[in-house]
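Enquirer: Predicted structure and sequence below. I'll ask about it afterward.
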Amino acid sequence: MNSDASELGRCPECGERIPETWLLIQYETSDGKTRIWAECPACETVVSPE
Ligand SMILES: [Zn+2]
């Protein structure tokens, strides 16, 4: 396991991988799912990683 392998997902705008360190907000929805918002390092947009 590499510590630098942790990522949140991919940017829906440009497809870039978003590292865990770019996480902005993490919250739970009313149906118990965890949603996150992060800033994409490539296009500098706040997105919900996929
Ligand atoms: Zn992006």
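Expert: Now that the structure is in, tell me what you want to look at. Keep in mind the model is a prediction, meaning the values are calculated, not measured.

Enquirer: how far away is residue 42 from residue 9?
Expert: From residue 42 over to residue 9 the distance is 13 Å, taken as Cβ to Cβ, to the nearest Å. Yep, even glycine has a C-beta here, placed from its N, CA and C like the rest.

Enquirer: and residue 21, which of the three is it?
Expert: Using DSSP: H, G, I helix; E, B strand; the rest coil, the structure places residue 21 in helix.

Enquirer: Can you give me the neighbour number for it?
Expert: As a burial measure, residue 21 scores 11 neighbours (other Cβ atoms under 10 Å).

Enquirer: Then residue 49?
Expert: A count of neighbours around residue 49, defined by other Cβ under 10 Å, yields 19.

Enquirer: can I assume it is in contact with residue 38?
Expert: Yes. Residue 49 is within contact range of residue 38, at 5.5 Å (criterion: Cβ atoms under 8 Å).

Enquirer: Now for the two: what residues contact both?
Expert: Common contact partners of residue 49 and residue 38 (Cβ atoms under 8 Å, 6 or more residues apart in numbering): 8, 18.

Enquirer: tell me which residues form a beta bridge with residue 46?
Expert: residue 39 (DSSP bridges).

Enquirer: wait, what's in contact with residue 17?
Expert: The neighbours of residue 17, taking Cβ under 8 Å, 6+ apart as the test, are 7, 9-11.

Enquirer: Weed out the non-buried ones from those.
Expert: The neighbour-count criterion (16 or more other Cβ atoms under 10 Å) marks residue 11 among the contacts of residue 17 as buried.

Enquirer: From the contacts of residue 17, pick the one nearest the ion.
Expert: Nearest to the ion among the contacts of residue 17: residue 11, at 3.2 Å, using Cβ to the ion.

Enquirer: need the contact list for the closest one.
Expert: When contacts are counted by Cβ under 8 Å, 6+ apart, residue 11 touches 17-18, 40, 42-43, 45, 47, 49-50.

Enquirer: What does it show for phi and psi?
Expert: Note on residue 11: backbone dihedrals following degrees, to the nearest 10 are phi -70, psi 130.

Enquirer: From residue 44, how far off is it?
Expert: Taken as Cβ to Cβ, the spacing of residue 11 relative to residue 44 amounts to 10 Å.
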